[in-house]
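**Q** pasting the sequence and the predicted model now:
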Amino acid sequence: MVKLMLALDLDKERALKVAEEVKDYVDAIKVGYPLVLSSSLEIVKEIKDICEKEVILDFKVADIPATNEKIAKLSLRYGDGIIVHGFVGEDSVKAVRDVAKPLNKKTILVTEMSHPGALRFIQPIANELAIMAKKLELDGIVAPSTRPERLRELKHLSNLPVLTPGVGAQGGRLEEIIKILDENDYIIIGRAIYNSEDPKKMAKYYKEKIRALSK
Ligand code: C5P
């Protein structure tokens, strides 16, 4: 079954509350700048103490190789993997991968982003990014639920597990993307769960919907 990843873009207090509420229904958690900058990387440990799920660091790392290496070393003391940008070049991505691999942690490459602004600069190079992810034998790509045909193509080109944001708040539809995905892939949902009146109920709803549509 396709996995459900919660994007926990909240402050510490709310994040820990939501993690506790939804833990029975999510398979993994994505932690990014909003949470880490309002707390610290230690938050990853606190989340793991609550729910023992895979935690991916969405830091969209995009610097020169030497700096990427330092960022990866410091970040990957926590969590199970890190998201990087590829437009900075193969050497920068390799620098992260070479830190992550020996630690048994994932390097996941952003291909095309899910928001409208992505059409101008990143969509034109997204196919090449997917091909680079395959060449570097990374652990996955990020590709948009908001554009199912692009999701399909990027998954095909990379032949890697996909993490796909965009369902819910950004308008992506589960029904449209589920048939493109398989059990190695993750659907990332944030606001549609944590901003709802009852995050637990909403996480359960998505989990059950994924199960029903996966058949
Ligand atoms: O709240 P929502 O469900 O839109 O959250 C989507 C999450 O995925 C956010 O954490 C956002 O930063 C992230 N993301 C995205 N598009 C990408 C890469 C990451 O929306 N291409």
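**A** Nice, I can see it.
**Q** C-alpha only now, for contacts and for neighbours.
**A** Noted.
**Q** name all residues that make contact with the residue nearest the centre of the chain.
**A** Compute the mean C-alpha point of the chain, and by C-alpha atoms, centre = their mean the closest residue is L163, 5.0 Å away. Applying C-alpha atoms under 8 Å, 6 or more residues apart in numbering, one finds that L163 lies in contact with 140-143, 185-188.
**Q** longest helix anywhere in this structure?
**A** helix 199-214 (DSSP state H).
**Q** quickly find the element holding the residue nearest to the centre of the chain.
**A** strand 162-165 (DSSP states H and E).
**Q** can you list the strands that that strand pairs with?
**A** strand 140-142 (parallel), strand 186-189 (parallel) (DSSP bridges).
**Q** how about the nearest residue to the residue of the chain found nearest the ligand, chain neighbours excluded?
**A** Proximity to the ligand, evaluated over the chain using C-alpha to the nearest ligand atom, is greatest for M113 at 2.9 Å. In this structure, M113 finds its nearest non-sequential neighbour in P144, 5.9 Å apart by C-alpha to C-alpha, 6 or more residues apart in numbering.
**Q** ok, which stretches of the chain are helices?
**A** 12-22, 33-37, 43-51, 65-75, 90-100, 118-121, 123-135, 148-158, 174-177, 191-194, 199-214.
**Q** how about JSON lines for those, with distance to the ligand and mean pLDDT added?
**A** As requested, those are exported to JSON lines (distance: least, C-alpha to the nearest ligand atom, whole Å; pLDDT from 0 to 100):
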{"stretch": "helix 12-22", "distance to the ligand": "13", "mean pLDDT": "97"}
{"stretch": "helix 33-37", "distance to the ligand": "9", "mean pLDDT": "97"}
{"stretch": "helix 43-51", "distance to the ligand": "15", "mean pLDDT": "97"}
{"stretch": "helix 65-75", "distance to the ligand": "17", "mean pLDDT": "98"}
{"stretch": "helix 90-100", "distance to the ligand": "16", "mean pLDDT": "98"}
{"stretch": "helix 118-121", "distance to the ligand": "8", "mean pLDDT": "92"}
{"stretch": "helix 123-135", "distance to the ligand": "10", "mean pLDDT": "97"}
{"stretch": "helix 148-158", "distance to the ligand": "11", "mean pLDDT": "97"}
{"stretch": "helix 174-177", "distance to the ligand": "12", "mean pLDDT": "95"}
{"stretch": "helix 191-194", "distance to the ligand": "4", "mean pLDDT": "98"}
{"stretch": "helix 199-214", "distance to the ligand": "12", "mean pLDDT": "97"}
